[in-house]
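Visitor: no sequence on this one, just coordinates:
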């Protein structure tokens with residue numbers, strides 16, 4: 001449910017604002033004492049002539065009077081002002097003419113001493129006009145606050161019943177409160193963040209250190225020096241972390257309400273999801289996707305988000321990995337989601353076993369993005385091997401042996417280069433699926449012809465090329481129930497070595513030579529020509545990749 005952004009508490013008019021009202025200005029008001037205190041809010045207005053009104057007040061009242069029953073002694077007037085100040089009245093407005101032509105010095109001095117605004121009205125004004133104007137402002141503000149409170153509760157009820165993510169909840173909290181919001185785990189790593197401007201991402205700089213200084217409590221706490229409002233995200237004895245609002249100015253009641261409702265909604269979501277790690281992986285997935293799709297305003301913004309998750313990315317060598325697990329498995333959505341969580345957890349455990357930290361997020365079914373970093377290129381090379389071994393060990397326990405593939409992009413130094421590293425890792429992983437033999441991990445240098453053809457298998461030009469080169473031979477095999485395509489595959493697989501091919505096919509040379517002659521005639525080519533053999537080799541690699549019949553020897 002969309003709700004208008006608001007960070008304002010119940011707006012009560014101040015004494016200064018009341019002095020600007022038309023109904024008050026008609027009385028030509030002058031502030032006779034405590035000008036500095038006219039910024040105090042007025043909760044209500046009382047018209048009173050009796051001097052002992054203070055014990056009936058609750059605080060925040062503005063007193064209107066003509067002074068006709070005020071004490072006649074200086075001591076009585078001083079006591080009148082001090083009693084009102086002690087009752088937390090916000091001011092006294094006295095109409096001149098009935099009792100006083102000027103306000104008594106004793107009253108003025110006492111009001112000044114007790115910071116009680118004292119206003120003189122030099123012209124007669126109907127008090128009912130003043131009270132109606134002020135009470136109208138107060139009542140309308142109360143109505144707006146009730147409407148806002150109802151909208152806030154409705155917004156979080158909607159989030160609770162919908163499939164809202166932690167980021168959705170944090171976005172709503174920040175929007176309603178009108179200030180940045182952070183959801184951190186117990187290790188002070190930022191799991192979700194929403195600012196109100198692009199510059200707000202600077203808030204995440206050195207987050208872990210700054211958050212450590214904010215004492216952890218089991219209730220909502222206001223940290224005055226930072227203007228932070230902090231509340232735990234917990235349920236049934238399980239503490240997931242803290243929700244933190246960062247208003248620019250001092251916090252107010254409605255912001256605390258929004259924060260606590262957000263924490264409750266978030267805890268309900270986490271109970272349903274049941275696994276804290278899932279939230280972390282959702283955060284990692286969003287961040288990795290933002291890097292790949294270049295959805296960020298500046299490298300510093302992304303670096304702050306990465307470092308807020310405990311990954312020291314600044315001034316480091318960055319390495320993108322793509323982990324492919326079982327592919328195209330016909331499973332239900334429930335099984336697929338459960339498997340994705342298990343595999344993401346296994347990858348995280350692999351990083352922990354390699355004694356490193358990084359980002360792990362599923363970017364497609366069976367495809368996980370991983371980001372690791374190291375101080376130098378040399379240390380990254382050593383770390384990469386350790387990580388790859390650990391990933392094969394931990395993920396390998398969940399899937400068919402040797403079915404996992406790791407693609408690795410180039411090591412980079414900047415965030416803007418990182419998306420190209422991920423692109424290379426994706427290409428290397430996709431190509432490695434079609435390569436023979438076990439590889440600890442694959443890079444674009446390992447792709448080769450078969451890998452390149454695999455990457456281009458969806459390009460219609462590749463299919464057209466393979467058909468143009470081989471269609472006559474394929475048609476011949478189908479019409480005559482022969483296997484000349486298999487003969488040509490074996491021949492090209494040995495690099496054109498006739499003797500080796502005949503031996504591999506358990507065929508005498510005469511028969512084999514006859515078959516080669518038949519192939520040359522059908523394809524109208526010269527197999528003695530290196531160019532012809534190269535062209536047919538590429539076409540066969542493409543054909544076998546497209547029909548899924550295996551690989552050339």
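Guide: Received the coordinates, thanks. This one's a predicted model, so the numbers in the text were calculated from it and none came from an experiment. Residues are numbered from 1 along each chain as shown.
Visitor: so which helix or strand takes in the residue sitting furthest away from the middle of the chain?
Guide: No residue in the chain sits farther from the centre than residue 510, which is 70.1 Å out by C-alpha atoms, centre = their mean. In the assignment (DSSP states H and E), residue 510 maps to helix 509-523.
Visitor: Give the rounded mean pLDDT of the helix or strand following that helix.
Guide: For helix 509-523, the succeeding helix or strand toward the C-terminus, using DSSP H and E, is helix 530-547. For helix 530-547, the mean per-residue pLDDT is 78.
Visitor: Test my guess that residue 323 contacts residue 366.
Guide: No - the criterion here is C-beta atoms under 8 Å, and residue 323 misses it with residue 366 at 9.1 Å. Every residue, glycine included, has its C-beta placed from N, CA and C.
Visitor: Between those two, tell me which one has more neighbours.
Guide: The residue with more neighbours, out of residue 323 and residue 366, is residue 323; 27 against 19, by other C-beta atoms under 10 Å.
Visitor: Which other helices and strands does the helix or strand encompassing that one contact?
Guide: Per DSSP H and E, residue 323 falls inside strand 317-324. Packing partners of strand 317-324 (3 or more C-beta pairs under 8 Å, 6 or more residues apart in numbering; DSSP states H and E): strand 367-374, helix 377-395, strand 405-408, helix 415-432.
Visitor: Which of the ones you listed comes out lowest on mean pLDDT?
Guide: Looking at the helices and strands packed on strand 317-324, the lowest mean pLDDT belongs to helix 415-432 (a mean of 89).
Visitor: Just give me how far it sits from the chain centre.
Guide: Averaging C-alpha positions (C-alpha atoms, centre = their mean, to the nearest Å) puts helix 415-432 23 Å from its chain's average.
Visitor: what do you get for stretch 111-127?
Guide: 53 Å.
Visitor: contact partners of that stretch?
Guide: Residues from elsewhere that reach stretch 111-127 (C-beta atoms under 8 Å, 6 or more residues apart in numbering): 15, 19, 23-24, 26-38, 40, 47, 64, 81-82, 84-86, 89-97, 102-103, 107-108, 110.
Visitor: which residues are contacting the helix holding residue 510?
Guide: Outside helix 509-523, the residues within contact range by C-beta under 8 Å, 6+ apart are 469-470, 472-473, 476, 484, 487-488, 491, 498-499, 501-502, 505, 507, 526-527, 536.
Visitor: Could you rerun that using 6 Å?
Guide: 472-473, 476, 484, 487-488, 502, 527 (C-beta atoms under 6 Å, 6 or more residues apart in numbering).
Visitor: Give me the buried subset of these.
Guide: Buried residues within those, defined by neighbour count using 16 or more other C-beta atoms under 10 Å: 473, 476, 484, 487-488, 502, 527.
Visitor: Tell me, how many residues neighbour residue 462?
Guide: By other C-beta under 10 Å, the residues close to residue 462 number 21.
Visitor: can you list the residues that contact the strand holding residue 323?
Guide: For strand 317-324, the external contacting residues (C-beta under 6 Å, 6+ apart) are 367-368, 370, 372-374, 377, 380, 405-409, 411-412, 418, 421-422, 425-426, 429.
Visitor: that older thread, farthest pair within the buried ones among the contacts of helix 509-523?
Guide: Pairwise distances across the buried ones among the contacts of helix 509-523 peak at 20.6 Å for 476 and 502 (criterion: C-beta to C-beta).
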